[in-house]
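In: Structure for this input, please:
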Amino acid sequence: MPLPYALAYGRPPMLPSLPQAVLFDLGGVVVDWDPARLYRKVFAGDEAKVQWFLSSICTDAWNTQQDAGRPLADATELLVREHPQWEDEIRAFYERWTEMITGTVAGTPELLRDLHAQGVPLFALSNWSAETFPRVQHDFPELGLFNRVFLSGNLRVAKPDPEFYRAVLAEIGLPLARLVFIDDDPANVAGAIAFGLPAIRFHSAAQVRQHLRTMGLPC
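Out: Numbers count the residues shown, from 1 in each chain. I've put the predicted structure just below:
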């Protein structure tokens, strides 16, 4: 069943107030990050084993705890103790973490540059470990277009927890109705909407660009 409009795109089918700033998620929206890329190498292209390992051992829920501030070393040792037979594969998650990233998401760098050129303030709101972010932040000049990058690893709370949005929006200092948030994760979009932050679920840069134009932003 398709998602309701408000959850799929994060706003009702009517024009909101003209946004003063745009807030972007990073992974899956700006930076192309996928753990399966690494584990296709680790498991020699065995896709079934890749998907099983990432859904059963190094899961999204486990990784989110590191995104929310748990030290990588502590998380790794805990998981190795639970699954000693998978020690090498578990240690690869953060030792070879940069192999999960291949570049940027198609079209998003151009969208960011166009918004920046028009003087639209840009902020990044990302579930991202404070330990892994420095490994790649200088590889992406697009990150320099953001007025500020907010990482869950620094805030020690991750989306879609309302405390994440509360902490970030207190720093930004603009009315909720004059912001719009872009994220590819429906849970994060739903969390933002529940908090009162207008949000659009990211499917492609072209789709987001069209929505922002409809909202009156020059891009």
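
In: Got the domain ranges for the protein?
Out: 6-30+105-214, 34-100 (automatic domain parsing).

In: Could you look over these and pick the most buried one?
Out: domain 6-30+105-214 (a mean of 18; mean count of other CB atoms under 10 Å). Just so you know, the C-beta spots here come from the backbone N, C-alpha and C atoms, and that holds for glycine as well.

In: low-confidence ranges in this structure?
Out: 1-17 (pLDDT under 70).

In: Let me know the secondary structure of the nearest residue to E163 once chain neighbours are set aside.
Out: Of all residues not flanking E163 in the chain, V157 sits nearest, at 4.7 Å (CB to CB, 6 or more residues apart in numbering). Under DSSP: H, G, I helix; E, B strand; the rest coil, V157 falls in the coil class.

In: what kind of secondary structure is A124 in?
Out: strand.

In: show me what contacts it?
Out: By CB atoms under 8 Å, 6 or more residues apart in numbering, A124 lies in contact with 23-26, 30, 143, 146, 148-150.

In: what does R213 give?
Out: C219.

In: Now the residue of the chain most remote from its centre. Its backbone dihedrals?
Out: Relative to the centre of the chain, the most outlying C-alpha is that of Q85, 30.9 Å out, by CA atoms, centre = their mean. With angles defined as degrees, to the nearest 10, Q85 sits at phi -70, psi -20.

In: how close does it get to L217?
Out: Using CB to CB, to the nearest Å, Q85 is found at 52 Å from L217.
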